[in-house]
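Q: compute the structure for the input listed below.
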Amino acid sequence: MNTSEPIEFLTLKSGESRNFAEIYDKKLFHPNKCRYGPRYGADCSFCTPEILENHGITLFSKVRLNITSLTIVEDDYSFTNVLYGNPVPFGNSGDCYSSVPECQQGRLNIDLRGTGFVLDPSSKWINFGENPNQKIYFSKDYSIIYGTCGGFCGFCKPDPSTGIKLRIVED
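A: Reported below is the predicted structural model:
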């Protein structure tokens, strides 16, 4: 912190299994339909063989914190585990699975419990891409954020005007 541009990281005490971002890799042959149920792996008989180019799932154990603005730097992968595919920025999600609303498969989860911070309620998520849909949920105290995003091809990310802004928890 004794530099002109300090780099600080916030340890996500709930662990990387509760802090992840995913761009789902499957696409349906018939995007105007929705196949609910378990998430489909390589044996998805109603999915195209095409794999979404920017797909991936990234687990985060720490995130970079801009201490001046109290925002999370979404694309710092210093303390991550990329389970498959490409790194996905913190708080981002999406897919090209289906154009049907409510059928999104991309997932995101942020769990700030035990960090001394919660999400600032001014933080919002925006949609982009084709036929984007999102369902983002916030716990009552804004310590947990989770949801799904997708479309054909649709995505969501934290609104760049606020980013993932945090608030210090008062004891």
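
Q: pLDDT score for the residue lying closest to residue 86 once chain neighbours are set aside?
A: Of all residues not flanking residue 86 in the chain, residue 56 sits nearest, at 4.1 Å (CB to CB, 6 or more residues apart in numbering). Just so you know, the C-beta spots here come from the backbone N, C-alpha and C atoms, and that holds for glycine as well. With respect to pLDDT, residue 56 scores 95.

Q: could you check how many residues crowd around residue 56?
A: Residue 56 has 17 neighbours, counted by other CB atoms under 10 Å.

Q: thought it was touching residue 82?
A: Yes - Residue 56 lies in contact with residue 82 (CB atoms under 8 Å); the separation is 6.2 Å.

Q: so which helix or strand takes in residue 83?
A: strand 80-85 (DSSP states H and E).

Q: strand partners of that strand, parallel vs antiparallel please.
A: Sheet pairing of strand 80-85 (DSSP bridges) gives strand 56-60 (antiparallel).

Q: with just CA atoms, put the partner strand into CSV.
A: The C-alpha trace of strand 56-60 is given here as CSV (Å, rounded to 0.1, in the frame of the first residue of the first chain):
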residue,chain,number,x,y,z
GLY,A,56,-15.7,-21.4,-19.6
ILE,A,57,-16.1,-21.5,-15.8
THR,A,58,-13.9,-19.7,-13.5
LEU,A,59,-13.7,-20.2,-9.7
PHE,A,60,-12.4,-17.2,-7.6
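
Q: still on that earlier bit, the residue nearest to residue 86 and residue 121: what is the separation?
A: 29 Å (CB to CB, to the nearest Å).

Q: what's the answer for residue 109, then?
A: Distance from residue 109 to residue 121, by CB to CB: 18 Å.

Q: neighbour-wise, which of those two wins?
A: The residue with more neighbours, out of residue 109 and residue 121, is residue 109; 20 against 10, by other CB under 10 Å.

Q: check contacts around the more buried one.
A: 18-20, 144-146 (CB atoms under 8 Å, 6 or more residues apart in numbering).

Q: redo that, cut-off 10 Å
A: Listed by CB atoms under 10 Å, 6 or more residues apart in numbering, the contact set of residue 109 reads 14, 16-22, 59-60, 91, 93, 144-147.

Q: same thing with residue 97?
A: Listed by CB under 10 Å, 6+ apart, the contact set of residue 97 reads 24-28, 31, 34-35, 40, 44, 47, 52, 103-106, 150-154.
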